[in-house]
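Asks: sequence? don't have it. structure:
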């Protein structure tokens with residue numbers, strides 16, 4: 001049995017409406033529909049949404065998806081109420097980002113500027129130095145994907161630590177060349 005799937009989802013100020021296998025949610029940041037697979041049933045009581053297993057289902061097949069759909073639904077409902085955030089840092093001499101409309105222009109030590117297109121659901125803020133970026137969206141998966149794609153533009157170099165990284169990443173540094181006497 002799934003232990004994560006049993007946990008109730010706190011809905012707060014998000015409006016929930018259940019129509020068969022569809023869970024409709026509406027909040028201040030987003031609204032949408034999550035379709036549950038066959039065998040899962042949603043119940044909404046006292047501001048909490050719970051997922052359960054229907055009686056006439058194969059327990060093994062549905063248990064594999066129970067916790068997954070609870071986590072996906074929890075992310076959608078919490079994103080409809082509060083935006084997800086990721087901090088991205090740029091480290092290096094002359095490395096910076098400039099936001100121009102829906103395109104981010106990176107200076108990363110190459111002979112050319114690197115342009116990066118932002119998806120329409122992601123909001124980006126850059127500080128005045130251009131080395132600290134904040135990504136915000138109601139979609140948790142999209143924020144993680146965009147921050148990962150930015151990191152791939154210039155991965156962190158292990159000797160000096162220069163490059164793009166997400167705050168919270170473990171950066172493994174290597175020792176430099178040892179001097180001989």
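Replies: Structure's in. What do you need? Small disclaimer: the values here were computed from a predicted structure and weren't measured.
Asks: Now the element after the host helix or strand of residue 32, going C-ward?
Replies: Assigned by DSSP states H and E, residue 32 belongs to strand 31-35. Using DSSP H and E, the helix or strand that directly follows strand 31-35 along the chain is strand 40-45.
Asks: Please identify the buried residues of that next one?
Replies: 40, 42 (16 or more other C-beta atoms under 10 Å). Yep, even glycine has a C-beta here, placed from its N, CA and C like the rest.
Asks: Can you spell out which helices and strands pack onto it?
Replies: strand 15-19, strand 48-53, helix 59-81 (3 or more C-beta pairs under 8 Å, 6 or more residues apart in numbering; DSSP states H and E).
Asks: Just read off the phi/psi values of the residue most central in space within the chain.
Replies: Residue closest to the mean C-alpha point of the chain, counted by C-alpha atoms, centre = their mean, is residue 140 at 2.9 Å. Per-residue torsions, residue 140: phi -60, psi -40 (degrees, to the nearest 10).
Asks: from memory it sits against residue 82, does it?
Replies: No - taking contacts as C-beta atoms under 8 Å, residue 140 lies outside contact range of residue 82: 10.9 Å.
Asks: In contact with residue 151, which residues are there?
Replies: 88, 163-166, 169 (C-beta atoms under 8 Å, 6 or more residues apart in numbering).
Asks: what angle sits between the strand ranked longest in the chain and helix 59-81?
Replies: Scanning the chain for the strand with the most residues, using DSSP state E, yields strand 84-91. Strand 84-91 and helix 59-81 are oriented at 80 degrees to each other (axes from the mean of the first three to the mean of the last three C-alpha atoms, to 10 degrees).
Asks: how distant is strand 84-91 from the center of its chain?
Replies: Its chain's C-alpha centre and that of strand 84-91 lie 12 Å apart, by C-alpha atoms, centre = their mean, to the nearest Å.
Asks: Check which helices and strands that strand is in contact with.
Replies: strand 132-137, helix 140-153, strand 163-166.
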